[in-house]
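# predicted model follows, preceded by the sequence.
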Amino acid sequence: MSKKVVIPGELISAERKKLGSNVFVADGKIYSKVLGVIDDTDEQASVVALEGKYSPRADDVVIGVVTRVVFAGYGISLNSAADSFIPSKAVRDQLRIGDVIMAKVDRVNELKEADLAYPRRLIGGEVIEIVPVRSPRLIGKNGSMLELLRKGTGSELVVGKNGRVWARNGNIDLLKKIVAFIEANAYKSNLTNALQDYFGITISEKVAEKSAESESLPRQDGTSEQEESEVINYSNEGEFK
């Protein structure tokens, strides 16, 4: 079953309701501001956007790329309208242009520039780009989709709210195909169940073989189990139901 997709200006509800995200009122009716999926309840009308650039918010977990190195610190690209900056004193290891980091958004100013906290360099691996507003689908309810992707592909994963996925080890080619599938079908319901069936029936043997080939590595840059669970739990916000 699919959620209803609407375009900007399309009617969401003719009833009086609380206004959620990405909607506006005209002549007492509620309309969509964006291309997205209706998230309408008895009390509130909202639209979950399917397109758009990343707009930083405090406490977002993000994946950044170092684009500038100066004496005071590092310029970081977050796939948003403005670059961010990390002071040198906030980073344990010296960074270079092209390095990939995981961090949490601390503050956002009126220019949408984000101050980042708790940066960690992500060693090795690859970065997969997706539409930022669709990243919650890669997390799923209570981290269910993320855990499925980890187990199904044997990969280490971090999903940033800014539309970047960092992956290392396991079956990366398969992971890229699955991520592309989820991104293309972000408006559909029951994706987790569908992929659980796919992984369980189709590729369980392949995953076992691939996992056996890969050497186990420690968590990236010393990230603790508690810290990683915080990444998963926060990223659940805005998920499709």
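Sure thing, it's come through.

# quick check: residue 28 vs residue 9, distance?
Going from residue 28 to residue 9 by Cβ to Cβ, to the nearest Å gives 16 Å. Bear in mind the C-beta positions are built from the backbone N, C-alpha and C, glycine included.

# quick one, which of those two is more surrounded?
residue 9 (11 against 8; other Cβ atoms under 10 Å).

# count the neighbours of the nearest residue to that one once chain neighbours are set aside for me.
Once flanking residues are discounted, residue 9 sits nearest to residue 31: 5.7 Å by Cβ to Cβ, 6 or more residues apart in numbering. Per other Cβ under 10 Å, the neighbour tally for residue 31 reads 18.

# with the one 3 residues further on instead?
Under the neighbour criterion other Cβ under 10 Å, residue 34 is assigned a count of 19.

# need the three-state assignment for it.
Under the three-state scheme (DSSP: H, G, I helix; E, B strand; the rest coil), residue 34 adopts coil.

# that one reaches residue 8, doesn't it?
Yes - counting by Cβ atoms under 8 Å, residue 34 does reach residue 8; the two are 5.9 Å apart.

# doesn't the residue nearest to residue 9 belong to a strand?
Yes - assessed by three-state DSSP, residue 31 belongs to a strand.

# so how far is residue 77 from it?
Per Cβ to Cβ, residue 31 is found 34 Å from residue 77.

# which pLDDT value belongs to the residue of the chain most remote from its centre?
Distance from the C-alpha centroid of the chain, by Cα atoms, centre = their mean, peaks at residue 27 (35.8 Å). You'll see residue 27 listed with a pLDDT of 87.

# any idea which element the closest residue to residue 160 other than its chain neighbours lies in?
Spatial nearest neighbour of residue 160, chain neighbours left out: residue 63 (3.6 Å); criterion: Cβ to Cβ, 6+ apart. According to DSSP states H and E, residue 63 maps onto strand 61-70.

# following that strand, which helix or strand comes up?
Defined by DSSP H and E, the subsequent element after strand 61-70 is strand 73-77.

# adjacent strands (with direction) for that following strand?
strand 61-70 (antiparallel), strand 84-87 (antiparallel) (DSSP bridges).

# for those, give me JSON lines that also has distance to residue 153, mean pLDDT and mean neighbour count.
Rendered in JSON lines, the data for the strands paired with strand 73-77 read as follows (distance: least, Cβ to Cβ, whole Å; pLDDT from 0 to 100; neighbours: other Cβ atoms under 10 Å):
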{"stretch": "strand 61-70", "distance to residue 153": "18", "mean pLDDT": "93", "mean neighbour count": "19"}
{"stretch": "strand 84-87", "distance to residue 153": "30", "mean pLDDT": "87", "mean neighbour count": "18"}
